[in-house]
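A.B. asks: need coordinates for the following:
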Amino acid sequence: MDIFKLNKAKTSLKGSITIIVTFMDNVSEHVDITELEVKLKTIDQLQRKIEELKELLFGLETAKPTEEAEFEEDLYVKHVWTIWREYVEFFVTEKITGLTPSVTLDVSEIKIPEFLELSDPYFYEAKEIHALLNADIFFRIIKDNAYKINKELLFRETEFGWIVGGRLQGTKTNKFSCYLLKDNDSVEDH
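C.D. replies: The predicted model follows:
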């Protein structure tokens, strides 16, 4: 189970439980029957949502790939070291890509200056991707500063710290990747 999905579902479940508790706290002997029925109906709807979350949490292994990425979420993205904060919409999906980089890279020969506070100090380790930024967000977080280590490796400053791009000297590959995540909403959908 992806920890990101688990945390999202737990937060949603916690919010639903809080709403139920609030409804129950507000019910007293002075509440009329119609209002009580409305509140109970709302609690029933929340219970169904809780069941859907449980199904999502425990049923992902048997879900079809097209079902796994069918909900979206809004959240604030905030970086730990900076004051940058942005409200973004994103899709939750089981897997964006394979490990990136595909193997752990040998960076022992690279002398990274200490003043470059890296966004991900372990960028060279093969690991899963948990978020894919939209191009408009990417270009808002990019800053002007760049630092070249050699002719093929470039560090670029962002709101999150420095990121690295390019190729390690002496490494050649015939594998290329290009990723596209498209929101297919049309004007008619809104």
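A.B. asks: any idea of the mean pLDDT in stretch 122-129?
C.D. replies: What stretch 122-129 shows for mean pLDDT is 86.
A.B. asks: list of residues touching it?
C.D. replies: 95-97, 99-107, 163-164 (Cβ atoms under 8 Å, 6 or more residues apart in numbering). Quick note: C-beta positions are derived from backbone N, CA and C, even for glycine.
A.B. asks: let's go with 7 Å and repeat that
C.D. replies: Contact partners of stretch 122-129, identified using Cβ atoms under 7 Å, 6 or more residues apart in numbering, comprise Ile96, Thr97, Leu99, Thr100, Pro101, Ser102, Val103, Thr104, Leu105, Val107, Val164.
A.B. asks: out of those residues, which comes closest to Phe115?
C.D. replies: Taking Cβ to Cβ as the measure, Phe115 lies nearest Val164 of those, at 14.5 Å.
A.B. asks: which ones are touching the closest one?
C.D. replies: Phe123, Leu153, Phe155.
A.B. asks: tell me if I am right that Asp144 is in a strand.
C.D. replies: Yes - per DSSP: H, G, I helix; E, B strand; the rest coil, Asp144 lies within a strand segment.
A.B. asks: relative to Asp44, how far out is it?
C.D. replies: 55 Å (Cβ to Cβ, to the nearest Å).
A.B. asks: the more surrounded of the two?
C.D. replies: Asp44 (9 against 6; other Cβ atoms under 10 Å).
A.B. asks: okay, that one: pLDDT?
C.D. replies: 73.
A.B. asks: what's the helix or strand for it?
C.D. replies: helix 33-59 (DSSP states H and E).
A.B. asks: please apply the same query to Glu157.
C.D. replies: Glu157 belongs to strand 153-158, assigned by DSSP H and E.
A.B. asks: got the contact list for that strand?
C.D. replies: By Cβ under 7 Å, 6+ apart, strand 153-158 touches 116, 119, 141-143, 145-149, 162-168.
A.B. asks: what bits of this structure have low per-residue confidence?
C.D. replies: The chain contains residues with pLDDT under 70 at 1-33, 35-36, 50-94, 169-190.
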